[in-house]
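S.K.: Quick one: sequence and predicted model below, then my questions.
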2 protein chains.
Amino acid sequence: MRSTKEKILDTSIALFNERGLVNVSIRDIANELGISPGNLTYHFKNKSNIINDIYERIVGERISLASQVKLIPSFANINAMLEPLLELFEKYRFFYLDILEVRRAYPEIAGKHQSHINFQIDFIKAQIDYSVESGNMVPEPSRGFYARMAHTVWLILSFWMNQQIIRGKEDADFNTARTSMWDMVTPLLTEKGKANFGITPLNQKIDKP
Amino acid sequence: MRSTKEKILDTSIALFNERGLVNVSIRDIANELGISPGNLTYHFKNKSNIINDIYERIVGERISLASQVKLIPSFANINAMLEPLLELFEKYRFFYLDILEVRRAYPEIAGKHQSHINFQIDFIKAQIDYSVESGNMVPEPSRGFYARMAHTVWLILSFWMNQQIIRGKEDADFNTARTSMWDMVTPLLTEKGKANFGITPLNQKIDKP
DNA sequence: GTCTATAGAGTGATAGAC
DNA sequence: GTCTATCACTCTATAGAC
């Protein structure tokens, strides 16, 4: 039996995802849940506390994901790693879509999230570095090239849902996001890299059920 | 002498850029301008009318930009073309940053904007196609590669400001956006392309004053 | 824990005087 | 065109009964 507090969080996430953070009031959440606004504010003094708890959830799931990461960053493992990450983006869609408003209204959360972003970009850079060291990718063609590539890869993944919505596409179509990401990598593969690549990520496209 | 109507638009843009679309009320705009709310609603019946007029401005400036485009899509011309486009992004920052909220609250504008986005991506794709035809870029390495590249280039440029803000960077740093964009192109250059490229975009980085 | 009732601030939009 | 005054509404947050 889920507690009222947990039910409030679940309903909040659902409504935020549906209507956007700024368009959901305490009242809306209470109505949707069938409880009184007074009851809701008993559990969460204000909206900021709700957002904070949701962010804690996101962080928790992120950490759980990170702990499952395969240690060997082969192309196949990297590709497989993307799946749960993209699912997380979708599950807490509103947070990533309305992140600018989160930043304006709840700067403390934005600060925490910022360090997480840096961690992610560094992580991607480390995968590229490993691929270069293991002879799968060529040395960077110009200074800072792979640092920028890591950044761009992060940007593609992070803003993919965003651009889909703006372009009026119903489906998140993460397969194309994934392909676009690998498109950045393939021109930089060595012969060895091509051989290793051919048998892995492209064959691992995961179709939505 | 600017009319009150024009002054309202100028002030609205400034406040929207500063605080975000949803955090600026009719009252705020009137106060900032030193006129009464009643006067403002005389000129603009509601907020939606203000946004609409601002979007007309954006479209107007876009058209004016498009008319100045150099017909020959050399790398140098493409690079030069980016400058005024990125300036437009900054001038009407709020529109591009809060585009999702614009979409939710003013769907008609979102619809118009959507066709413009498609036009932009098609335009980028045409530049790439020309580069391939003129022997500066290699034929696409896999089916749909250049279509995805055009899309990704658009994504980088469109969400650059967004990501800078989320990452807590004060400066928009469009030079890095530009370099990241060319990074996508350089691995696909032919020998001829490299020769043509070397003497153009990289030497055209424009520093902010 | 949960409810009802309400205070207090902010919102868009209108009426009517000048 | 511009003002003041105000209505009707929504929001968060609190008080107090059960």
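M.R.: Thanks, I have it.
S.K.: Enumerate the residues of chain A near DNA strand C.
M.R.: With Cβ under 7 Å from any atom of the strand as the criterion, chain A comes near DNA strand C at residues A:S3, A:T4, A:G34, A:I35, A:S36, A:P37, A:G38, A:N39, A:Y42, A:H43. C-beta here means a position set from N, CA and C on the backbone, and glycine is covered the same way.
S.K.: Using neighbour counts, pick out the buried residues of stretch A:34-51.
M.R.: A:I35, A:L40, A:H43, A:F44, A:K47, A:I50, A:I51 (16 or more other Cβ atoms under 10 Å in any protein chain shown).
S.K.: what are the phi and psi values for the residue nearest in space to the middle of chain A?
M.R.: In chain A, the C-alpha nearest the mean C-alpha coordinate belongs to A:F89, at 3.9 Å (Cα atoms, centre = their mean). The phi/psi pair for A:F89 (degrees, to the nearest 10) reads phi -50, psi -40.
S.K.: so it makes contact with A:L97?
M.R.: No. If you go by Cβ atoms under 8 Å, A:F89 and A:L97 don't touch, sitting 9.3 Å apart.
S.K.: Name the single longest helix found in chain A.
M.R.: Longest helix in chain A, counting residues (DSSP state H): helix A:107-133.
S.K.: Now the element after that one, going C-ward?
M.R.: Next helix or strand after helix A:107-133 toward the C-terminus (DSSP states H and E): helix A:145-158.
S.K.: Report the next helix or strand after that next one in sequence order.
M.R.: Per DSSP H and E, the first helix or strand lying C-terminal to helix A:145-158 is helix A:160-166.
S.K.: that older thread, any figure for the gap between the residue nearest to the centre of chain A and A:D10?
M.R.: Distance, A:F89 to A:D10, using Cβ to Cβ, to the nearest Å: 18 Å.
S.K.: can you check A:K47 too?
M.R.: 16 Å.
S.K.: Local confidence estimate at the residue of chain A found nearest DNA strand C?
M.R.: When scored by Cβ to the nearest atom of the strand, chain A has A:G38 as its residue closest to DNA strand C, at 2.2 Å. For A:G38, the pLDDT comes out at 95.
S.K.: same deal with A:I199?
M.R.: Looking at A:I199, its pLDDT is 64.
S.K.: Same question for A:P73.
M.R.: Turning to A:P73, the model gives it a pLDDT of 81.
S.K.: SS state for A:K70?
M.R.: The three-state label given to A:K70 by DSSP: H, G, I helix; E, B strand; the rest coil is coil.
S.K.: Excluding covalently adjacent residues, which one is nearest to it?
M.R.: If the residues on either side of it in the chain are set aside, A:K70 comes closest to A:N77, at 4.1 Å by Cβ to Cβ, 6 or more residues apart in numbering or on different chains.
S.K.: Wait, a strand at the one you found?
M.R.: No. Assigned with three-state DSSP, A:N77 falls outside any strand and is helix.
S.K.: Count the neighbours of it for me.
M.R.: Burial measure for A:N77: 15 neighbouring residues, criterion other Cβ atoms under 10 Å in any protein chain shown.
S.K.: A:D122 too?
M.R.: Neighbours around A:D122, by other Cβ under 10 Å: 12.
S.K.: Low-confidence regions, chain A specifically.
M.R.: Within chain A, the ranges that satisfy pLDDT under 70 run A:199-209.
S.K.: how about the residues of it near DNA strand D?
M.R.: So chain A meets DNA strand D at A:S25, A:I26, A:R27, A:D28, A:P37, A:G38, A:T41, A:K45, A:N46, A:K47 (Cβ under 7 Å from any atom of the strand).
S.K.: And the residues you listed, which two are furthest apart?
M.R.: Greatest spatial distance among the residues of chain A next to DNA strand D (Cβ to Cβ): A:D28 and A:K45, at 17.3 Å.
S.K.: Can you get me a residue count around the residue lying closest to A:L188 once chain neighbours are set aside?
M.R.: Nearest residue to A:L188 in three dimensions, chain neighbours excluded: A:M137, at 5.0 Å (Cβ to Cβ, 6+ apart). A:M137 has 25 neighbouring residues, counting by other Cβ under 10 Å.
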